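Peer 1: Structure for this input, please:
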Amino acid sequence: MQSFPNAGGDQIILAMADKIIENRAYLSEIDGKIGDGDHGVNMAKGFGMAAERLKGRDATLTEAMEALSEVLMGEIGGSMGPLYGMMFTEFAEATGENERIDARLFSTMLHKGLEGIQSIGSAKVGDKTLIDTLVPAVEAFDAANAAGQPFGEALDALVAAAEAGRDSTIDLVAKIGRASRLGERSRGVLDAGATSCAMILTTLAEGAKARLAA
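Peer 2: Presented below is the predicted three-dimensional model:
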């Protein structure tokens with residue numbers, strides 16, 4: 001069965017931080033249309049702080065996700081810090097001290113992350129949140145695995161579903177958070193959380209796939 005090493009996986013989290021920081025203004029611009037307008041700033045701050053702590057450490061993916069979760073849970077504002085912090089806490093718990101991560105373990109990791117978010121938030125698919133990205137991505141990965149597709153192709157399916165889920169939020173009315181007060185006026189805009197979640201999942205999948213190939 002295909003797998004990639006846990007060792008050196010901090011490079012995936014560093015790439016993720018670069019992606020979030022690069023899109024700081026874009027994420028805040030989206031958020032500003034129906035929310036507080038600080039999503040990009042808060043996310044870039046958290047991911048940037050985690051990246052600084054990881055540089056030069058040669059950490060495992062598990063250790064890097066633990067470091068990121070600590071920063072997101074404890075040191076950034078807004079609602080997204082605890083949600084993403086919990087997701088990465090659960091991701092790290094799932095991968096643990098395993099030397100290699102195969103498709104089955106990757107699926108367990110995704111499910112634990114989703115369950116972690118759902119344990120502290122009430123959002124469902126259709127509420128215009130990051131759940132609209134995460135749930136279809138997890139389902140697509142599992143479906144590809146069940147169909148016997150290779151790990152790399154299952155990761156491609158995850159990315160495609162994450163992007164489609166993100167895009168689906170344009171036509172949704174917000175049911176959760178500050179944006180929900182706008183009612184119908186929240187329709188026609190991407191959800192910032194769904195957008196950052198797609199960036200996170202895409203970078204995670206691309207990093208895993210590159211390490212599979214290596």
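Peer 1: how about the helices of the protein, start to end?
Peer 2: Secondary structure of the chain (DSSP state H): helices located at 10-22, 24-34, 39-54, 61-75, 80-95, 103-120, 131-146, 151-168, 192-213.
Peer 1: how about those helices, which one is nearest Ala179?
Peer 2: helix 24-34 (4.1 Å; CB to CB). Using the backbone N, CA and C atoms, a C-beta is placed for each residue, glycine as well.
Peer 1: what mean pLDDT does stretch 70-83 have?
Peer 2: The average pLDDT within stretch 70-83 is 87.
Peer 1: Tell me, please, the helix or strand in this protein that averages the lowest pLDDT.
Peer 2: For the chain, the helix or strand with the lowest mean confidence is helix 24-34, at a mean of 92 (criterion: mean pLDDT, DSSP states H and E).
Peer 1: Could you give me the buried positions within it?
Peer 2: Applying a neighbour-count criterion of 16 or more other CB atoms under 10 Å, one finds 24, 26-28, 30-31, 33-34 buried in helix 24-34.
Peer 1: coming back round to it: tabulate the helices of the chain (a markdown table), appending distance to Ser186.
Peer 2: What follows is the helices of the chain, written out as a markdown table (distance: least, CB to CB, whole Å):
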| stretch | distance to Ser186 |
| --- | --- |
| helix 10-22 | 23 |
| helix 24-34 | 5 |
| helix 39-54 | 15 |
| helix 61-75 | 25 |
| helix 80-95 | 17 |
| helix 103-120 | 21 |
| helix 131-146 | 13 |
| helix 151-168 | 14 |
| helix 192-213 | 12 |
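Peer 1: Show me the shaky parts of this protein.
Peer 2: Counting by pLDDT under 70, the chain contains low-confidence ranges at 77.
Peer 1: if we go to 90?
Peer 2: Within the chain, the ranges that satisfy pLDDT under 90 run 1, 33-37, 74-80, 121-122, 173-186, 188, 213-214.
Peer 1: I'd like the distance from stretch 198-211 to the chain centre, please.
Peer 2: When C-alpha coordinates are averaged (CA atoms, centre = their mean, to the nearest Å), stretch 198-211 and its chain have centres 10 Å apart.
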